[in-house]
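J.: Give me a model of this one.
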Amino acid sequence: MHKPKVTYGAGTADDPWVLKTPSLSSEYQAWRDETLDPPALVVQVGTTKLSYRLQCLDDLTAMLKRHGDWMALGNADEGKPVQDGTVEAWARDAKNPVGGYYGLRKGYRGRFANYVTPILELMGRVELEHGARNNRVRFTTGARG
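T.: As a prediction, the model looks like this:
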């Protein structure tokens with residue numbers, strides 16, 4: 001595993017994090033926006049803007065800590081089937097802490113695992129694989145959260 005190239009921003013709209021997807025194939029920006037209702041993690045991919053409930057950062061960290069091992073990302077767009085037992089499936093499951101999708105913009109609620117896990121890696125909370133596909137994530141022992 002190697003660390004992806006990241007430009008560390010402050011995670012604000014004026015100074016966003018500049019990250020790469022787990023496969024290192026695409027760059028995107030992300031920031032927290034606590035002024036929104038509900039507070040959001042905003043992701044900008046080219047001209048497309050996605051948003052997820054900000055609490056996803058803590059909720060995903062806690063779930064991965066409980067899981068205790070590697071978990072497949074299972075990236076998929078909204079409306080596409082997801083593989084059970086993946087981060088993407090958890091992020092849409094009615095049994096997760098928000099009772100369904102963490103994504104806030106209908107039609108753009110998928111790809112959660114693709115954009116949220118690199119942020120947790122940046123925060124030092126998880127280990128993330130960076131292969132061309134089929135990447136996995138796990139809680140980092142001794143991490144915050």
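
J.: Check the secondary structure at the residue nearest the centre of the chain for me.
T.: Geometric centre of the chain, nearest residue: V116, 1.2 Å, by CA atoms, centre = their mean. Three-state call for V116 (DSSP: H, G, I helix; E, B strand; the rest coil): helix.

J.: looking at it, it is touching L54, isn't it?
T.: No. Using CB atoms under 8 Å, V116 makes no contact with L54, being 10.6 Å away. The C-beta positions use only the backbone N, C-alpha and C, and glycine is treated the same way.

J.: residues bridging contact with these two, i.e. touching both?
T.: Counting by CB atoms under 8 Å, 6 or more residues apart in numbering, the residues touching both V116 and L54 are L41.

J.: so where do the strands sit in the protein?
T.: 17-20, 27-33, 40-45, 48-53, 71-72, 126-128, 136-139 (DSSP state E).

J.: Quick one: residues contacting the residue nearest to the centre of the chain.
T.: V116 makes contacts with 41, 52, 56-57, 60, 87, 91, 102, as judged by CB under 8 Å, 6+ apart.

J.: and which of these is nearest to W31?
T.: L41 (7.7 Å; CB to CB).

J.: Surely the closest one touches E34?
T.: No. Contact criterion CB under 8 Å: L41 and E34 do not qualify, at 10.1 Å.

J.: of those two, who's got more company?
T.: It is L41, of L41 and E34, that has more neighbours when counted by other CB atoms under 10 Å, with 24 against 10.

J.: show me where this structure has helices.
T.: 56-67, 87-90, 112-122 (DSSP state H).

J.: Centre of the chain to the longest one, how far?
T.: With CA atoms, centre = their mean, to the nearest Å as the basis, the distance from the averaged C-alpha position of helix 56-67 to the chain average is 11 Å.

J.: Thank you kindly, that will do.
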